[in-house]
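[1] okay, structure incoming, though there's no sequence with it:
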């Protein structure tokens with residue numbers, strides 16, 4: 001099937017939206033389209049369409065849509081901040097434990113990462129080698145110049161600092177059962193649970209890195225919720241479907257990896273701009289404030305009217 005939609009310039013796109021019932025001045029609509037593009041912004045106005053898809057619901061304005069867009073941008077930054085802390089912590093702990101047990105260059109032999117298949121091991125090493133050769137980081141250039149005649153990949157404590165999240169996940173998957181269990185037990189979860197969290201966080205990180213819509217995303221990958229830790233189930237059941245579970249996982253992990261962080265408070269302040277309905281679509285169902293992982297931070301939280309549709313001037 002051929003794609004038949006014609007090119008429209010910004011003026012024509014604005015006219016189209018006005019014709020579909022988008023409120024607000026045409027100048028404002030045109031300005032937002034020029035800033036971020038029709039297609040990108042359409043992901044945020046989709047929920048405001050009429051049931052037949054032919055126009056917008058009464059009262060929907062460009063400011064309504066832009067408010068969601070601005071919130072999502074700020075939300076992604078908050079999530080990425082937490083993911084970065086978890087990622088760096090996991091890299092550092094893996095490097096320490098792997099080097100301790102298998103040597104600085106323990107990855108040189110397949111037995112150093114025993115849980116990877118031969119094919120996955122080869123792909124992992126090839127990617128590490130390729131990234132090291134092309135890196136312009138001063139510490140990598142120094143290692144190549146001084147030790148490159150003997151080593152085509154640097155030791156673990158250097159190597160992990162050039163890995164992306166996916167490589168780090170592969171490293172954790174490939175580590176011995178003993179190392180996996182030791183690392184996850186430091187976080188008071190099983191290796192199976194922690195791996196599922198890393199998989200989900202990798203998906204979330206990629207969305208953030210590519211500036212994708214995140215706030216009401218339903219992830220295709222579901223993190224495992226610990227069965228035997230009652231805090232995940234009573235008095236509030238954490239479901240692994242939407243962003244609430246990811247935020248709860250991040251908050252839980254930050255209590256271990258960055259115990260002095262103000263991330264929870266800053267996130268709650270950001271969420272306080274959302275209406276109860278929009279929070280619900282993120283997975284914050286009734287009673288979430290009683291969840292033991294959130295209760296200490298939400299004593300003053302107002303989930304009544306929300307402030308999602310206030311003037312967006314301050315939000316930018």
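    All right, it came through fine. Given the structure is predicted, the values throughout are model-derived calculations rather than measurements. Numbering: from 1, shown residues only.

[2] next one, pLDDT for the residue nearest to residue 187 when sequence neighbours are not counted please.
    Take residue 187 and drop its neighbours on the chain: the residue closest to it by CB to CB, 6 or more residues apart in numbering is residue 256, 5.2 Å away. C-beta here means a position set from N, CA and C on the backbone, and glycine is covered the same way. Predicted confidence (pLDDT) at residue 256: the value is 97.

[3] now do the contacts for residue 256.
    The contact partners of residue 256, by CB atoms under 8 Å, 6 or more residues apart in numbering, come to 186-188.

[4] now flag whichever of these is closest to residue 76.
    Minimum distance to residue 76 across those is 24.2 Å, recorded for residue 187 (CB to CB).

[5] torsion angles phi and psi at residue 50?
    Here the main-chain torsion angles of residue 50 (degrees, to the nearest 10) amount to phi -70, psi 160.

[6] ok, now which ones touch it?
    If a contact means CB under 8 Å, 6+ apart, then residue 50 has 56-57 as its contacts.

[7] that one and residue 57, how far apart?
    Distance of residue 50 to residue 57, given as CB to CB, to the nearest Å: 6 Å.

[8] nearest to residue 44, of the contacts of residue 256?
    residue 187 (35.0 Å).

[9] now residue 223. Its backbone dihedrals?
    phi -70, psi 150.

[10] do a quick rundown of the helices in the stretch 201-316 of the chain.
    Shown for the stretch 201-316 of the chain, the helices assigned by DSSP state H, counting those that start in this stretch span residues 243-257, 263-271, 276-280.

[11] still on that earlier bit, which of the contacts of residue 256 tops the neighbour count?
    Ranked by neighbour count (other CB atoms under 10 Å), the contacts of residue 256 have residue 187 at the top, with 19 neighbours.

[12] for that one, give its distance to residue 86.
    To residue 86, residue 187 is 10 Å away according to CB to CB.

[13] what touches both of those two?
    Each of residue 253 lies in contact with both residue 187 and residue 86 under the rule CB under 8 Å, 6+ apart.
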